[in-house]
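Chemist: Need coordinates for the following:
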Amino acid sequence: MRTSDHPRSVHLCVRVDIPTIARATSVFAHQQGLATVGQLRAVGVTEGFIRQRLRTREWRRIHRQVLGLTGAAPSWAPDVRAALLAAGPYAVASHATAGRLHGFDGYDRDERIEISSTDGHGLRSTPGTVVHRSVVLTDRHSVVVGGFRSVIQPVALLQLAAADGADAAGKAFDGMLRAGRSPEWVRTVATEWRSHRMPGASIVFQLLRERIDAPLPGSWFQRLARTAFALRGIELLDEHQVFDGTRHPIARLDLAIPDLLIGVECQSWRWHATPTARADDARRRRRLRALGWEIVEVWWTDLDRLDEVLEELVALIDQRATTRHSR
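Modeler: Okay, here's the model as predicted:
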């Protein structure tokens with residue numbers, strides 16, 4: 001019997017298949033071409049429909065409970081998505097994976113895939129995924145980053161300190177600080193981490209002491225001053241006090257050339273710990289600029305960049321000296 005003799009059967013097939021395909025496509029589209037069997041069943045995709053798509057190789061099985069669209073090129077982000085989907089609802093991206101998701105310095109191309117559990121749950125894993133079971137992590141330690149559930153930044157920093165050491169964690173922490181992340185947020189989470197005797201806390205507290213609690217070493221400024229004098233024959237004064245027109249002290253500069261109104265000042269992260277501190281720092285710098293001072297800012301991360309700081313300082317000295325002589 002010809003197909004045209006049964007328009008109702010053809011119409012029924014189209015009415016069933018097209019909505020099913022559309023619902024499945026929507027699930028895949030929101031998850032980088034991936035979906036769990038449970039998610040597909042939740043939108044009305046039957047086990048028979050799944051088997052059919054697997055037989056025709058339109059879909060592929062990545063994990064017992066995770067399916068993917070065939071033809072998608074392997075890449076880091078879909079692999080992370082697959083790992084999280086396979087692991088289940090108690091999984092969060094962690095360690096190096098979280099570092100990359102959060103944009104930490106040094107982790108922008110890290111290909112490791114690491115996930116951790118919350119509330120002590122066990123996790124299923126995909127090949128190549130490192131799974132960490134944690135009894136400390138809870139939902140309040142998680143955040144959604146770029147559509148991925150991840151540990152919050154301080155936790156990621158603590159995990160990286162424990163796994164990759166002080167140098168890698170220090171670089172990541174410096175990036176966090178430059179991005180305006182609160183060091184007190186890091187300190188609070190590290191204190192909680194330490195109370196559970198979790199690894200990484202001692203390294204993070206050392207980073208906080210170096211970058212937040214302690215001033216830059218005076219020997220570094222002395223070296224900068226000596227080198228600048230050798231290049232330009234201009235003496236930089238230590239701990240120079242600046243006053244306003246009423247002789248009210250405004251700032252104490254680490255190094256200064258009063259004749260040229262040039263100062264070198266440690267930009268301590270302490271000034272950025274709270275909105276109030278940042279506002280006070282901005283007000284003080286506006287008052288210095290109003291008096292004609294130009295300030296070369298030095299951060300903890302500049303300790304290994306003496307040549308670059310020196311280059312900036314010498315350029316400013318030459319500019320100001322030229323301007324003064326032309327008057």
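Chemist: from here on, contacts and neighbour counts on C-alpha atoms
Modeler: Will do.
Chemist: Now do the contacts for residue 310.
Modeler: 224, 227, 228 (CA atoms under 8 Å, 6 or more residues apart in numbering).
Chemist: Quick check: which element contains the first one?
Modeler: Spelled out, it's residue 224. Residue 224 is part of helix 218-232, with elements assigned from DSSP states H and E.
Chemist: List the buried residues of the helix or strand that that helix is followed by.
Modeler: Proceeding C-terminally, helix 218-232 gives way to strand 237-243 as the next helix or strand, assigned by DSSP H and E. Across strand 237-243, burial judged by 16 or more other CA atoms under 10 Å covers 237, 238, 240, 242.
Chemist: In the sheet, which strands lie alongside strand 237-243, parallel or antiparallel?
Modeler: strand 249-257 (antiparallel) (DSSP bridges).
Chemist: Now the strand it pairs with - C-alpha only, PDB.
Modeler: Only the C-alpha atoms of strand 249-257 are listed here, as PDB (Å, rounded to 0.1, in the frame of the first residue of the first chain):
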ATOM      1  CA  PRO A 249      50.700  66.300  56.400                       C
ATOM      2  CA  ILE A 250      49.200  64.600  53.400                       C
ATOM      3  CA  ALA A 251      51.500  61.600  52.700                       C
ATOM      4  CA  ARG A 252      54.900  60.100  53.500                       C
ATOM      5  CA  LEU A 253      56.500  59.000  50.200                       C
ATOM      6  CA  ASP A 254      58.900  56.100  50.200                       C
ATOM      7  CA  LEU A 255      61.200  58.000  47.800                       C
ATOM      8  CA  ALA A 256      60.900  61.500  46.500                       C
ATOM      9  CA  ILE A 257      62.600  64.200  44.400                       C
END
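Chemist: list the buried ones in that strand?
Modeler: Applying 16+ other CA under 10 Å to strand 249-257 flags 251, 253, 254, 255, 256, 257 as buried.
Chemist: Run the angle between whichever helix or strand comes after that strand and strand 237-243 for me.
Modeler: Next along the chain after strand 249-257, taking DSSP H and E as the criterion, comes strand 262-266. Counting by axes from the mean of the first three to the mean of the last three CA atoms, to 10 degrees, strand 262-266 lies at 100 degrees to strand 237-243.
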